[in-house]
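*Asks:* build me a model from this:
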Amino acid sequence: MSDPASDLFGGIIKLIFGVALLIFKGIWFVLSSIAGLFTRGSFYRRINKNNAASRGVAALSPEQGRRLVTQVASSGNTVISGGNRDMRNRAVVPAILGLHSQGVPVIVIHASNAMLEREIINTCEDKSRISVINAQNPVFEPFAGLDNKQITRLIMDAVPQERELEPGARQYLDAMSEILSVKGVRPFCNAYVRCPHAELFEKADNLVSSGLIDDNGGRRIKSMLSIGQDEGIKLEGYFCDLETHIAHILCKKGNTPGAQNILTAVRDGRLLMLDVKSVANTLVVGLIAAQAILALQERLEFVLVADSIALNESQMLMKALKSGCRYIISTDDLYTATGANDESYSALVGNISGLVLYRHTLGSCARWSEFFGEYDKQELSYSGTEGKNDIGMLEAFGKRSTSSTISLSVKRETVIKPEDIGGLGDNQAFIYSSSAGSTGIGYI
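*Replies:* A predicted model of the protein is given here:
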């Protein structure tokens, strides 16, 4: 017969043992879970580190950002797109000054960006090689430094294709230039803009009667005018329209002191800032672009900066940019500036060495996201199982077993997502450098 006291004592011992076992298992479970978390955490940290290296987007300080902008602009073509004008100025100003400090001629075309002019003038250490052409300083003379044949070629290139000039226009322009030259007047643009075309034949006769040229010379000038007479009507219309686009900056006389144009500025190694006043003044932009092409044909090195210019509105400007001219394009949206023309957009973006990308609208964000490409992103997945094994009288404290599996997978992921671009803050930008083969993000 069992002793009740012994049974009670034995029960108490078993109960104490069971409680102790439960506490031990609990502690062991907690310690195992913590160890598992540390193990998984270690895996996740390693994977995150690998993904960050593969993605290649570094965090930049403002000083590093400005320095990188200067470096990419010095190494080749650069696009600064997005944000507002003040934000873009923070990138374009150091880019321009960096080139200027290296002695590289820089031509800046902008539309009423007076802040850009002031910041460059106030910041630049060497102001002796800076020229400004605007409504307050109208010293733009497109024909300065050109001979008569170069003037003809410049005008023929600058006239938009839709005006459909025929070859006879060359003869007509040559005649206009020769009339001025024979009179001892150096050809200047305003003389062509205000030319009394209906009186040109009479002026040729007057040159003969005054003894400045002989009869053969007079007949030759009138012959050139006759050959291009039909084109003269088109040229008269072009110069009339050009005057409305260029009057605010054009030299009014042929001997204006300090007269400048793209060719003279490049030849002198200058930084020239030229205010076209409005993006609608496409004819003056075309004339400037035609001068840039002449400079390229002379094998002159320079950088053309187009700030908030409608690229799609000027065939000559796009031709210059595609003809090997080094450029910096600063615009609120490059794709829109090209008129949503995929060929033009791809041609410009395909030749850049650097990109400063500010916040864009969602539609453009997707296109810029494609520019940055994709990378192999590693991902971890975790799965676990848990079971219970009874142990007799201690089944309430059954032994639990756990198992877990960690698997690794790789998928293609965009380097910069559209929402990353759309979510950029003020003065924050992605900065891409092809020479460094990397992208950074920071405030400029």
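*Asks:* number of residues surrounding Ser353?
*Replies:* 19 (other CB atoms under 10 Å). The way it works is simple: take the backbone N, C-alpha and C, and place the C-beta from them, glycine included.
*Asks:* quickly find the element holding it.
*Replies:* Assigned by DSSP states H and E, Ser353 belongs to strand 352-357.
*Asks:* do Ser226 as well
*Replies:* Assigned by DSSP H and E, Ser226 falls in helix 215-227.
*Asks:* just the buried residues of the helix or strand following that helix, please?
*Replies:* Downstream of helix 215-227, the next assigned helix or strand under DSSP H and E is helix 229-246. Within helix 229-246, the residues scored as buried using 16 or more other CB atoms under 10 Å are Glu231, Gly232, Lys234, Leu235, Glu236, Tyr238, Phe239, Leu242, Glu243, His245, Ile246.
*Asks:* how about stretch 408-428?
*Replies:* Buried residues in stretch 408-428 (16+ other CB under 10 Å): Thr414, Val415, Ile416, Pro418, Asp420, Ile421, Gly422, Leu424, Asn427, Gln428.
*Asks:* let me know the secondary structure of the closest residue to Ile47 other than its chain neighbours.
*Replies:* Counting by CB to CB, 6 or more residues apart in numbering, Ile47 lies nearest to Gln378, which is 4.9 Å off, once chain neighbours are set aside. Three-state call for Gln378 (DSSP: H, G, I helix; E, B strand; the rest coil): strand.
*Asks:* specify the beta-bridge partners of Gln378.
*Replies:* Val410 (DSSP bridges).
*Asks:* would you mind measuring from it to Val57?
*Replies:* Applying CB to CB, to the nearest Å, the value for Gln378 to Val57 is 16 Å.
*Asks:* between these two, who's got more neighbours?
*Replies:* Just comparing Gln378 and Val57: by other CB under 10 Å the higher neighbour count belongs to Val57, 18 against 15.
*Asks:* quick one, phi/psi of the residue nearest to that one when sequence neighbours are not counted?
*Replies:* Of all residues not flanking Val57 in the chain, Thr439 sits nearest, at 5.0 Å (CB to CB, 6+ apart). Torsion angles at Thr439 (phi, psi; degrees, to the nearest 10) stand at phi -130, psi 140.
*Asks:* can you count the residues close to Thr439?
*Replies:* Neighbours around Thr439, by other CB under 10 Å: 20.
*Asks:* what sits against the closest residue to Cys240 other than its chain neighbours?
*Replies:* Nearest residue to Cys240, sequence neighbours excluded (CB to CB, 6+ apart): Val193, at 7.8 Å. Listed by CB atoms under 8 Å, 6 or more residues apart in numbering, the contact set of Val193 reads Phe239, Cys240, Leu242, Glu243, Ile246, Leu250.
*Asks:* now do the contacts for the first one.
*Replies:* By CB under 8 Å, 6+ apart, Phe239 lies in contact with Tyr192, Val193, Cys195.
*Asks:* closest to Ala292 out of these?
*Replies:* Distance to Ala292 across these (CB to CB) is lowest for Tyr192, with 19.9 Å.
*Asks:* the closest one touches Met176, doesn't it?
*Replies:* Yes. Contact criterion CB atoms under 8 Å: Tyr192 and Met176 qualify, at 6.4 Å.
*Asks:* neighbour count winner among these two?
*Replies:* Shown here are Tyr192 and Met176; by other CB under 10 Å, Met176 has more neighbours (28 against 23).
*Asks:* for the contacts of Val193, which two are the farthest from each other?
*Replies:* Longest span within the contacts of Val193, CB to CB: Cys240 and Leu250, 13.5 Å.
*Asks:* so Ala289 versus Asp157, what's the distance?
*Replies:* Taking CB to CB, one finds Ala289 at 8 Å from Asp157.
*Asks:* list residues touching both of these two?
*Replies:* Common neighbours of Ala289 and Asp157 (CB under 8 Å, 6+ apart) are Met316.
*Asks:* of those two, who's got more company?
*Replies:* Each of Ala289 and Asp157 has its neighbours counted (other CB under 10 Å); Ala289 has more, 26 against 17.
*Asks:* I figured the more buried one was touching Ser314, is that so?
*Replies:* Yes. Using CB under 8 Å, Ala289 is in contact with Ser314, at 6.0 Å.
*Asks:* may I see the buried residues of stretch 341-356?
*Replies:* Ser344, Tyr345, Leu348, Val349, Ile352, Ser353, Gly354, Leu355, Val356.
*Asks:* could you export those residues as CSV, including pLDDT and distance to Leu304?
*Replies:* Shown next, in CSV, are the buried residues of stretch 341-356 (pLDDT from 0 to 100; distance: CB to CB, whole Å):
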residue, pLDDT, distance to Leu304
Ser344, 91, 16
Tyr345, 92, 18
Leu348, 94, 12
Val349, 93, 17
Ile352, 94, 14
Ser353, 93, 15
Gly354, 94, 15
Leu355, 96, 17
Val356, 96, 17
